[in-house]
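Visitor: this one's structure only:
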DNA sequence: GTCTATACGGGGATAGAC
DNA sequence: GTCTATCCCCGTATAGAC
């Protein structure tokens, strides 16, 4: 697809912009900064993307949309409700490890949603993931493997919250774990994913049934 | 304390700044905007606070520090570990209802931590709350009312994550709940708090013991 | 303590050469 | 497609009158 170099100028700009937007947000990040980080002329940015806002949306589309789509995919393809929950959380953590900028971009978009003219596409996609998870939980409730006295909508929120918060709160969690602000290792993140899956499944399980 | 008006100019500036910083973040919010929202001359801001960054820190100190201190307080004063967890989550939600700007300010500070020169005071206080919660959980494990095959640090993260994420994700959660982007009612938030407390306690409880 | 006027820098964006 | 030069606006911050 690329006409000239192995990594096109567009992609270099997108990569640099993604990192800076995640780290600093949209308004703190300047066009010139992105150009410097990308090793490209800042004016190129306008040639390819039109303006800063459009570049931001391109970054969002490339990075955070797949996160949510991946989750919805898993829920649709895993048979057991309990395993679907475990797999969903595992996939979230793996996604964050592979795309470290994604969680911050996602949360920034949530938080900024009512302060920007941004189309709420991210929100509706996120809401759809919620709905699918809810359906999985209700499926488990009908089958009797999840307790019925739990509001499925609330349980979906509780389930989703763990991995995202873990990723976002990494600085504080790092201090908490006694690692300074450096953050947590990938291995610890994976251990947390296992924990979080069990945590949610246990919270949903009736007292009599073992996991 | 106030020398002239019922609400001092400082407080009006702090109130306006708090709302704008929560909604837009530090960099997107301008001095003139704050002045207009506060009904005060923008230059006054420099007289009272020195500069924008210092005003931001004053807002943070006033709004988000109490959130964490309140939580630590509860953990220190509630007897049963299970009730302490329920009370902590309940207090978080109540705090967010009383101070709607707090969760966004808190999360912004977390996310921006490595992009700003900000002292990490918020992070260390948050980490201390984690530690106290962990101690409560381990206390419950020693007493046999919580299962011992759970990493207490991970469980603390899972427990804390629910209320904060619920507050932050309100737009998406509102869509998910079928309420448009308007957001969730206070009553729904309180119901979620009850749910989240039970969710965490159940996840920690051995299979044999009823809640 | 409060207001007006303004200096100063930096950011987004465009024109136009190559 | 890429680069240079530059315009214009607007944001922070200060000086100084009242």
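Guide: Alright, I've got the coordinates. Small disclaimer: the values here were computed from a predicted structure and weren't measured.
Visitor: right, and residue A:109 touches residue A:122 too?
Guide: Yes. Between residue A:109 and residue A:122 there is a contact under C-beta atoms under 8 Å: 5.0 Å. Where you see a C-beta, it was placed from the backbone N, CA and C, and this is true even at glycine.
Visitor: got the contact list for residue A:177?
Guide: Under the criterion of C-beta atoms under 8 Å, 6 or more residues apart in numbering or on different chains, the neighbours of residue A:177 are A:184, A:188, B:153.
Visitor: do the same with residue A:151
Guide: Listed by C-beta under 8 Å, 6+ apart, the contact set of residue A:151 reads B:191, B:195.
Visitor: ok, it to DNA strand D distance?
Guide: Noted for residue A:151: a distance of 43 Å to DNA strand D, by C-beta to the nearest atom of the strand, to the nearest Å.
Visitor: cool, and residue A:196?
Guide: From residue A:196 across to DNA strand D, the span is 39 Å (C-beta to the nearest atom of the strand).
Visitor: chain neighbours aside, what residue packs nearest to that residue?
Guide: Spatial nearest neighbour of residue A:196, excluding adjacent residues (C-beta to C-beta, 6 or more residues apart in numbering or on different chains): residue A:162 at 4.1 Å.
Visitor: contacts only, for the one you found.
Guide: Contacts for residue A:162 (C-beta under 8 Å, 6+ apart) come out as A:89, A:196, A:199-200, B:157-158, B:161-162.
Visitor: in helices only, show me those residues.
Guide: Counted as lying in helices by DSSP state H, out of those, are A:89, A:196, A:199-200, B:157-158, B:161-162.
Visitor: tell me which helix or strand of chain A sits lowest on mean pLDDT?
Guide: helix A:170-176 (a mean of 90; mean pLDDT, DSSP states H and E).
Visitor: so how far is that one from its chain's centroid?
Guide: In terms of C-alpha atoms, centre = their mean, to the nearest Å, the centre of helix A:170-176 is set 18 Å apart from its chain centre.
Visitor: what's the neighbour count on residue A:188?
Guide: If you count neighbours by other C-beta atoms under 10 Å in any protein chain shown, residue A:188 ends up with 18.
Visitor: cool, and residue A:42?
Guide: Neighbours of residue A:42 (other C-beta under 10 Å): 15.
Visitor: so it touches residue A:48, yeah?
Guide: No. Counting by C-beta under 8 Å, residue A:42 stays clear of residue A:48, with 11.4 Å between them.
Visitor: sorry, back to before: between residue A:109 and residue A:122, which contacts overlap?
Guide: By C-beta under 8 Å, 6+ apart, residue A:109 and residue A:122 have these common neighbours: A:60, A:64.
Visitor: give me the below-cutoff pLDDT ranges for chain A.
Guide: Applying pLDDT under 70 to chain A flags residues A:1-5, A:181, A:208-211.
Visitor: quick one, domains of it?
Guide: Chain A is divided into the following domains under automatic domain parsing: A:1-50, A:57-210.
Visitor: next one: phi and psi at residue A:26?
Guide: Per-residue torsions, residue A:26: phi -70, psi -50 (degrees, to the nearest 10).
Visitor: which pair in the contacts of residue A:162 spans the largest distance?
Guide: A:89 and B:162 (13.8 Å; C-beta to C-beta).
Visitor: could you count how many residues lie near the residue of chain A found nearest DNA strand D?
Guide: Closest contact between chain A and DNA strand D, by C-beta to the nearest atom of the strand, is at residue A:41 (3.0 Å). By other C-beta under 10 Å, 13 other residues sit near residue A:41.
Visitor: centre-most residue in chain A?
Guide: Nearest to the mean C-alpha position of chain A, counting by C-alpha atoms, centre = their mean, stands residue A:103 at 4.4 Å.
Visitor: how near is that residue to residue B:187?
Guide: Using C-beta to C-beta, to the nearest Å, we find residue A:103 at a distance of 30 Å from residue B:187.
Visitor: over to residue A:202?
Guide: Distance, residue A:202 to residue B:187, using C-beta to C-beta: 28 Å.
Visitor: next one: residue A:30
Guide: Separation of residue A:30 from residue B:187 (C-beta to C-beta): 44 Å.
Visitor: just checking, what packs against the longest helix along chain A?
Guide: As assigned by DSSP H, the longest helix anywhere in chain A is helix A:52-77. Applying 3 or more C-beta pairs under 8 Å, 6 or more residues apart in numbering or on different chains; DSSP states H and E, one finds that helix A:52-77 contacts helix A:9-24, helix A:42-49, helix A:81-98, helix A:102-112, helix A:121-143.
Visitor: does that helix reach DNA strand C?
Guide: Yes. Residues of helix A:52-77 contacting DNA strand C under C-beta under 7 Å from any atom of the strand: A:52-53.
Visitor: pull out the buried members of the contacts of residue A:162.
Guide: Buried subset of these (neighbour count, 16 or more other C-beta atoms under 10 Å in any protein chain shown): A:89, A:196, A:199-200, B:157-158, B:161-162.
Visitor: please convert those to TSV, extending it with distance to DNA strand C.
Guide: Output for the buried ones among the contacts of residue A:162, formatted as TSV (distance: C-beta to the nearest atom of the strand, whole Å):
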residue	distance to DNA strand C
A:89	36
A:196	37
A:199	41
A:200	41
B:157	35
B:158	38
B:161	33
B:162	36
